[in-house]
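Asks: no sequence on this one, just coordinates:
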């Protein structure tokens, strides 16, 4: 579990599983690569997963807030791609990075799994009313940050996107302090998540993806996720879509077995320890 210099930053990563097939896992905001342990455990005989910590998360470098956070995150992710194509699995913010990696380096991506991708630019274009609802929530959080109320901003964010975790008051003080310290990252990613700064929605980019793609959402997730996944499914040829019953935004953590079962079916694995 080393820390290595990647894309100009010290990035920590861990290895999960010991199977023959290589995959890269990209976690959500306010978490770290270890959040994948549950899901990876159900697939560990088939896959060797690499899970790195995004900047300002886990044991990776702090984000210096210079440049484009999403762009730098994408360059870090690309540094883990191998000569032979591998499988990409991303959750939330990590799913948007995985999608950008697949568009920019399609020859290195064998398959793409996007769990709850928060690519709000899709909803803004396809379903503006739902997008406006979420945009107001973000403005409320921005106001709290500008007022120096970092813990209140983190609490509000978790209430909407925690998806089945412990209530804020029941989280350990250390966890609350950590999320409050990095809550600005949510706003730093806005230029891509809301404005599509990388141009992924430009004509032909998503439509040109040829690798197998699976879109996963929790059945109880915010309505904007359904709009995003539907919009991506319309644009990506042959994309498959599934909904995880009883799950919210944090489905790969709260419903790790159900998510692993959907990934197993997508990859054509017959059972634990089977060859793809």
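Replies: Alright, I've got the coordinates. These numbers were taken from a predicted model, which means no experiment stands behind them.
Asks: which stretches of this protein form strands?
Replies: For the chain, the strands defined by DSSP state E cover 3-6, 9-16, 21-26, 47-52, 86-91, 109-115, 213-218, 240-244.
Asks: Remind me what the second one packs against, helices and strands.
Replies: Packed against strand 9-16 by the contact rule (3 or more CB pairs under 8 Å, 6 or more residues apart in numbering; DSSP states H and E) you find strand 3-6, helix 37-41, strand 47-52, helix 69-78. For glycine as for every other residue, the C-beta is placed from the backbone atoms N, C-alpha and C.
Asks: Name every strand pairing with the first one and say which way it goes.
Replies: When you say that, I think you mean strand 3-6. Sheet pairing of strand 3-6 (DSSP bridges) gives strand 9-16 (antiparallel).
Asks: cool, the third one as well?
Replies: According to DSSP bridges, the neighbouring strands of strand 47-52, each with its direction, are strand 9-16 (antiparallel), strand 21-26 (parallel).
Asks: Check what pLDDT the residue lying closest to residue 258 once chain neighbours are set aside gets.
Replies: Nearest residue to residue 258, sequence neighbours excluded (CB to CB, 6 or more residues apart in numbering): residue 244, at 5.0 Å. Looking at residue 244, its pLDDT is 98.
Asks: ok now do residue 244, which residues does it touch?
Replies: Residue 244 makes contact with 216, 217, 218, 219, 251, 255, 258, 259, 262, according to CB atoms under 8 Å, 6 or more residues apart in numbering.
Asks: Surely the second one touches residue 232?
Replies: This points to residue 217. No. The pair residue 217 / residue 232 is not scored as a contact, 10.5 Å apart, by CB atoms under 8 Å.
Asks: about what we covered before: nearest approach to residue 176 belongs to which of the strands paired with strand 47-52?
Replies: strand 9-16 (22.1 Å; CB to CB).
Asks: Would you mind pulling the contact partners of the closest one?
Replies: Strand 9-16 has contacts (CB under 8 Å, 6+ apart) with 1-5, 25, 33-34, 36-37, 40-41, 44, 48-53, 55, 58-61, 72, 76, 79-80.
Asks: Any quick ChimeraX command for the buried ones out of the residues you listed?
Replies: Burial among the contacts of strand 9-16 is assessed by 16 or more other CB atoms under 10 Å; the matching ChimeraX selection reads:
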select :25,33,34,36,37,40,44,48,49,50,51,52,53,55,58,59,60,61,72,76,80
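Asks: Ignoring the adjacent residues along the chain, who's closest to residue 197?
Replies: Distance criterion CB to CB, 6+ apart; nearest residue to residue 197, sequence neighbours excluded, is residue 191 at 4.4 Å.
Asks: Count residues in the vicinity of that neighbour, would you?
Replies: 16 (other CB atoms under 10 Å).
Asks: In contact with it, which residues are there?
Replies: Residue 191 touches 68, 70, 197, counting by CB under 8 Å, 6+ apart.
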